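In: What shape does this take:
(chains A and B)
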Protein chains: 2
Amino acid sequence: DILEASRRLLTAPSLAGRRILVSAGPTWEPFDPVRFISNPSTGKMGYALATVAARRSGEVHLVSGPSTLAAPQGVRLSKVVTAREMQESVLALAPGMDAIVMAAAVSDFRPTEEAPQKIKKIAGEEAVRLTRNPDILAALGRSRPGGRHQVLVGFAAETENLIENAREKLIEKNLDFIVANNLTQSGSGFGSDTNQVKILDRDGTITELPCLTKEEVAEMVMDRVEQQLGKGEHDDAVRED
Amino acid sequence: DILEASRRLLTAPSLAGRRILVSAGPTWEPFDPVRFISNPSTGKMGYALATVAARRSGEVHLVSGPSTLAAPQGVRLSKVVTAREMQESVLALAPGMDAIVMAAAVSDFRPTEEAPQKIKKIAGEEAVRLTRNPDILAALGRSRPGGRHQVLVGFAAETENLIENAREKLIEKNLDFIVANNLTQSGSGFGSDTNQVKILDRDGTITELPCLTKEEVAEMVMDRVEQQLGKGEHDDAVRED
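Out: Down below sits the predicted model:
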């Protein structure tokens, strides 16, 4: 739209020439063609990240689970449904990327069996088996391309032990930083237009942000992505000496 | 908005004085605070039904599961999350209603246990138990108020044996008519702006509608609700003679 186009004209092209991959939204893990396991993610945080990165002239690819949001302007959008589809799409794009920001709320597990037709009503009680889904963030952390620093950012949404769980994820998945989100806080998390997050760095720093719009949070995250990209270049320059 | 206000001015108040209950959207059946079983319903069909009924000057109460759609103008909106919350809300409102149109895609089952905190990753495979949810439509069919005809309309969304399954639902739940929806057809069903449906009456008539917008389908459904309301009054008049 015109508003976004004029915003872009007024924004420094600080991500020009940078390829940025953003994931967004929930995944749907089907029992049958009309029932699935999911989560309350609407895609707002990921779409805001893609919007902000494109506004800074980044070459942005957004991989999105089911969302009713419109594709952000100037962004290449791949729509997926399940965690396995998201894995396939993200891992295929990853090697060419300068930075990857995984804001999608990927389902950790899926029904082991998927019925080809709508299951008619079950009797009183029934057991279903669930299988663990692939861990996309861990795969990205393991398979970073050599020769340059690819920035990798994760999100952690928790209802308890926020800092401990986020720090564990940061280290285990080999991320540059992680955005931690307390789901029990009002004005934060799924569906909300605002978000109150903490950013955890590898050196142990915790930056507590106030309650901001998701677009403002996206600005802070992209500022930090730019810092990390700059650091990578500096490292390369040093190594080349 | 102004467009809807002017549409209303141009529409005959054919539902004036009528109390209409519409249900819409999916339900979320939680495993824990951030994971649930659901279905792809967006609420579009139910919100269109509520919009059309209000435009005809009906007194409309919309009970909606999670949806990102805006509340239709001039409609009382109750938001619910689970099938049990929808049951509570619908059954409390039902006795005072002249017509009930159940367009919600209520989940047939729910996880038997709901964890109070986010479940940390499961091991390779795990079994969970599911419990059958209350059948709201059947409860409405059984508990119709005496002394007047309350119109009761259902929806059936199927991937196979559409007519057989819809007819069984029509009879079993004691409905006036049912709107049947083939989910395997493109331009139809969940999330789509259009819908191609068949309407089944108690006398065995099947009306096949072409592919229409959901608002056009809502017009046809409300036309039929009005016919049934008129018939009820005629019956009452006959009985009073």
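In: From here on, just use CA atoms for contacts and neighbour counts.
Out: Fine.
In: what residue lies at the spatial centre of chain A?
Out: residue A:103 (1.7 Å; CA atoms, centre = their mean).
In: quick one: pLDDT of that one?
Out: For residue A:103, the pLDDT comes out at 97.
In: residues in contact with it?
Out: With contact taken as CA atoms under 8 Å, 6 or more residues apart in numbering or on different chains, residue A:103 is in contact with A:22, A:23, A:24, A:25, A:45, A:46, A:154, A:155.
In: what's the most distant pair in these?
Out: Spatially, the most separated pair among these is A:25 and A:154, at 13.7 Å (CA to CA).
In: and the residue nearest to the centre of chain A, how far is that from residue B:95?
Out: Distance of residue A:103 to residue B:95, computed by CA to CA, to the nearest Å: 46 Å.
In: before we move on, back to that, and residue A:25 and residue A:154? which has more neighbours close in?
Out: residue A:25 (30 against 22; other CA atoms under 10 Å in any protein chain shown).
In: which one of the contacts of residue A:103 sits closest to residue A:60?
Out: residue A:22 (7.4 Å).
In: Surely the closest one is in contact with residue A:61?
Out: Yes - counting by CA atoms under 8 Å, residue A:22 does reach residue A:61; the two are 6.3 Å apart.
In: Residues that sit against both of the two, list them.
Out: Joint contacts of residue A:22 and residue A:61 (CA under 8 Å, 6+ apart) are residue A:50.
In: burial count for residue A:28?
Out: 24.
In: got it, and residue A:194?
Out: Taking other CA under 10 Å as the definition, residue A:194 ends up with a neighbour count of 20.
In: Equivalent analysis for residue A:210, please.
Out: 11.
In: can you tell me how far residue A:52 sits from chain B?
Out: 23 Å (CA to the nearest CA, to the nearest Å).
In: nope, residue A:127 is what I meant
Out: On the measure of CA to the nearest CA, residue A:127 and chain B end up 4 Å apart.
In: For that residue, list each beta-bridge partner.
Out: residue B:129 (DSSP bridges).
In: ok, now residue A:151?
Out: Beta-bridge partners, per DSSP bridges, of residue A:151: residue A:99.
In: residues in contact with the spatially closest residue to residue A:60 that is not a sequence neighbour?
Out: Closest residue to residue A:60 apart from its sequence neighbours, by CA to CA, 6 or more residues apart in numbering or on different chains: residue A:20 at 4.8 Å. Residues in contact with residue A:20 (CA under 8 Å, 6+ apart) are A:53, A:58, A:59, A:60, A:61, A:97, A:98, A:99, A:100, A:101.
In: what about residue A:20, distance to chain B?
Out: Counting by CA to the nearest CA, the gap from residue A:20 to chain B is 28 Å.
In: just residue A:108 next, same as before
Out: Taking CA to the nearest CA, one finds residue A:108 at 7 Å from chain B.
In: where does that residue land on pLDDT?
Out: Per the predicted model, pLDDT is 91 at residue A:108.
In: got the phi/psi numbers for it?
Out: Per-residue torsions, residue A:108: phi -70, psi -30 (degrees, to the nearest 10).
In: again, but for residue A:2
Out: Torsion angles, degrees, to the nearest 10, at residue A:2: phi -70, psi -40.
In: swap in residue A:84?
Out: phi -70, psi -40.
In: That one touches residue A:133, doesn't it?
Out: Yes - with contact defined as CA under 8 Å, residue A:84 counts as touching residue A:133 (7.3 Å).
In: For these two, indicate the residue with more neighbours.
Out: residue A:133 (22 against 19).
In: what residues are up against the closest residue to residue A:1 other than its chain neighbours?
Out: Using CA to CA, 6+ apart and skipping the chain neighbours, the partner closest in space to residue A:1 is residue A:73 (7.5 Å). Shown in contact with residue A:73 (CA under 8 Å, 6+ apart): A:1, A:4, A:51, A:54.
In: Need the buried ones from those selected in PyMOL.
Out: With 16 or more other CA atoms under 10 Å in any protein chain shown as the burial test, the buried ones among those are selected in PyMOL as follows:
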select buried, chain A and resi 51+54
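In: Dump the contacts of residue A:73 into a markdown table; add secondary structure as well.
Out: Below are those laid out as a markdown table (DSSP: H, G, I helix; E, B strand; the rest coil):
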| residue | secondary structure |
| --- | --- |
| A:1 | coil |
| A:4 | helix |
| A:51 | helix |
| A:54 | helix |
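In: between the contacts of residue A:73, which is nearest chain B?
Out: residue A:51 (20.2 Å; CA to the nearest CA).
In: Count the residues that sit near the residue nearest to the closest one when sequence neighbours are not counted.
Out: Nearest in space to residue A:51, with sequence neighbours left out and distances taken as CA to CA, 6+ apart, is residue A:72 at 5.6 Å. Residue A:72 sits with 20 neighbouring residues when counted by other CA under 10 Å.
In: before we move on, back to that, quick one: which of the contacts of residue A:73 is nearest to residue A:160?
Out: When the contacts of residue A:73 are compared against residue A:160 (criterion: CA to CA), the nearest one is residue A:51, at 30.3 Å.
In: Hmm, residue A:71 and the closest one touching each other?
Out: No - here residue A:51 does not reach residue A:71: they are 9.1 Å apart, not a contact under CA under 8 Å.
In: So which bits of chain A are right by chain B?
Out: Taking CA under 8 Å from any CA of the partner chain as the criterion, chain A approaches chain B at residues A:33-40, A:108-109, A:117-118, A:121-132, A:158-160.
In: Narrow those to those that are buried.
Out: Buried among the residues of chain A next to chain B (16+ other CA under 10 Å): A:33-40, A:108-109, A:118, A:130-132, A:158-159.
In: Restricted to strands, list those.
Out: Judged by DSSP state E, strands contain the following of these: A:35, A:36, A:37, A:38, A:109, A:130, A:131, A:132, A:158.
In: Out of these, show me where the pLDDT dips lowest.
Out: residue A:158 (88).
In: what residues are up against it?
Out: Per CA under 8 Å, 6+ apart, neighbours of residue A:158: A:165, A:180, A:181, A:182, A:183, B:118.
In: Please list only the buried members of those.
Out: Buried among the contacts of residue A:158 (16+ other CA under 10 Å): A:180, A:181, A:182, A:183, B:118.
In: Just the ones in strands from these, please.
Out: A:180, A:181, A:182.
In: would you list every one of the strands in chain A?
Out: Counting by DSSP E, the strands of chain A are A:19-24, A:29-32, A:35-38, A:59-64, A:76-79, A:99-102, A:109-111, A:125-132, A:151-158, A:177-182, A:194-195, A:197-201, A:206-208, A:212-213.
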